[in-house]
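In: Following is a predicted model, sequence given first.
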Amino acid sequence: MVVQVNSRTRQSSKAMDGNQQKVEANVVLLGAENVGKSALVVRFLTRRFIGEYGDIESIYSHCDKIDGRDVCFNIWDSFCPQNGKEAGHISDRQLQWADGFILVYSICDRESFKVARQQVQRLRQAKAKLSSTAPVIIVGNKRDLQHRRAVSSEEGRLLALSADCGFFEISAAETYHGVLMVFHELLDLIREARALKKGAAGLKGIVRSMSAVFGRKRTE
Ligand SMILES: Nc1nc2c(ncn2[C@@H]2O[C@H](COP(=O)(O)OP(=O)(O)OP(=O)(O)O)[C@@H](O)[C@H]2O)c(=O)[nH]1
């Protein structure tokens, strides 16, 4: 599958370098086919719901001001092949690239919830292997279709709780606000994960310096 860098890119990621105030976050959208991944991305980028979306896998960039800070999201809208062995596959490239994941299922499609469960499991294993701290938010989409609901809110929330993920139920078709909340929450989690990583690296540095000093003293 070809990954396109969309021509609507507003600001290149390089432009963000050299300015500490700017935050950049790479986000991968995962989930079964037809759950509304593209609808969610397009809603976030344009505030609109256009109904039909193509099958092209793309990376979009979207820069905005959030809480007075310039933020640039690079969003990888993955294409989920129909059934077969490839269903729910997460590539190594996606795992290495992502600072955070949005894992989408449709509340009226139980199969898509099964795929989400598998993907949560895969993400946990892969993150442990790569020592990755990339946070995950699970999103139950198509909340407007209550009469066709096949996955309860509780099931979604429990899955998220069991895997230490964030959780939202939204309708990309009906509102922009829910979609915005998902991206803002993920950004908060990404920044927390980065701060923790930095803190851990700082602590390691202090321990190294102290052992260098005390180690040297012992040999004097
Ligand atoms: N009712 C309703 N329909 C939605 C919603 N979000 C997406 N859809 C519809 O669901 C269908 C699939 O949406 P896409 O955004 O193409 O789904 P996708 O997950 O990107 O699909 P793939 O590209 O096949 O992986 C489209 O017909 C959308 O109009 C929603 O919140 N409510």
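Out: Perfect, thanks for sending it. Residues are numbered from 1 along each chain as shown.

In: List every C-alpha atom in the helix or strand hosting F168, with coordinates, as CSV.
Out: In this assignment (DSSP states H and E), F168 forms part of strand 166-169. The C-alpha trace of strand 166-169 is given here as CSV (Å, rounded to 0.1, in the frame of the first residue of the first chain):
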residue,chain,number,x,y,z
GLY,A,166,-7.8,6.3,26.8
PHE,A,167,-11.4,5.8,25.7
PHE,A,168,-14.0,7.8,23.8
GLU,A,169,-17.3,7.1,22.1
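
In: got the contact list for it?
Out: With contact meaning CB atoms under 8 Å, 6 or more residues apart in numbering, strand 166-169 is reached by 107, 135-141, 143, 153, 156-157, 159-161, 178, 181-182, 185-186, 189. C-beta coordinates here come from the backbone N, C-alpha and C atoms, glycine included.

In: ok, 10 Å please
Out: Residues outside strand 166-169 that contact it (CB atoms under 10 Å, 6 or more residues apart in numbering): 100, 102-104, 107, 135-143, 149, 151, 153, 156-161, 178-179, 181-182, 185-186, 188-189.

In: What of stretch 41-49?
Out: Stretch 41-49 has contacts (CB under 10 Å, 6+ apart) with 6, 8, 10, 27, 29, 36, 39-40, 50-51, 53, 58, 60-62, 64, 73, 75-77, 102, 104, 170-180, 182-183.

In: so where's this protein uncertain?
Out: Residue ranges of the chain with pLDDT under 70: 1-20, 81-87, 201-206, 213-220.

In: Show me where it has its strands.
Out: In the chain, the strands defined using DSSP state E lie at 3-5, 23-31, 57-66, 69-77, 100-106, 136-141, 166-169.

In: Switch those over to JSON lines; also include distance to the ligand and mean neighbour count.
Out: As requested, the strands of the chain are arranged in JSON lines below (distance: least, CB to the nearest ligand atom, whole Å; neighbours: other CB atoms under 10 Å):
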{"stretch": "strand 3-5", "distance to the ligand": "13", "mean neighbour count": "13"}
{"stretch": "strand 23-31", "distance to the ligand": "6", "mean neighbour count": "23"}
{"stretch": "strand 57-66", "distance to the ligand": "8", "mean neighbour count": "17"}
{"stretch": "strand 69-77", "distance to the ligand": "7", "mean neighbour count": "20"}
{"stretch": "strand 100-106", "distance to the ligand": "6", "mean neighbour count": "28"}
{"stretch": "strand 136-141", "distance to the ligand": "5", "mean neighbour count": "27"}
{"stretch": "strand 166-169", "distance to the ligand": "10", "mean neighbour count": "19"}
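
In: Which positions in the protein make contact with the ligand?
Out: With CB under 6 Å from any ligand atom as the criterion, the chain meets the ligand at residues 31, 33-39, 51-53, 55, 79-80, 141-142, 144-145, 171-173.

In: Of these, which qualify as buried by neighbour count?
Out: Among the residues of the chain next to the ligand, those classed as buried by neighbour count (16 or more other CB atoms under 10 Å) are 31, 33-39, 80, 141-142, 171-172.

In: Which of these sits closest to R208?
Out: Lowest distance from R208 to these (CB to CB) belongs to G31, with 41.9 Å.

In: pretty sure the closest one is touching K114, no?
Out: No - at 11.3 Å, G31 does not count as touching K114 under the criterion of CB atoms under 10 Å.

In: No more questions from me, cheers.
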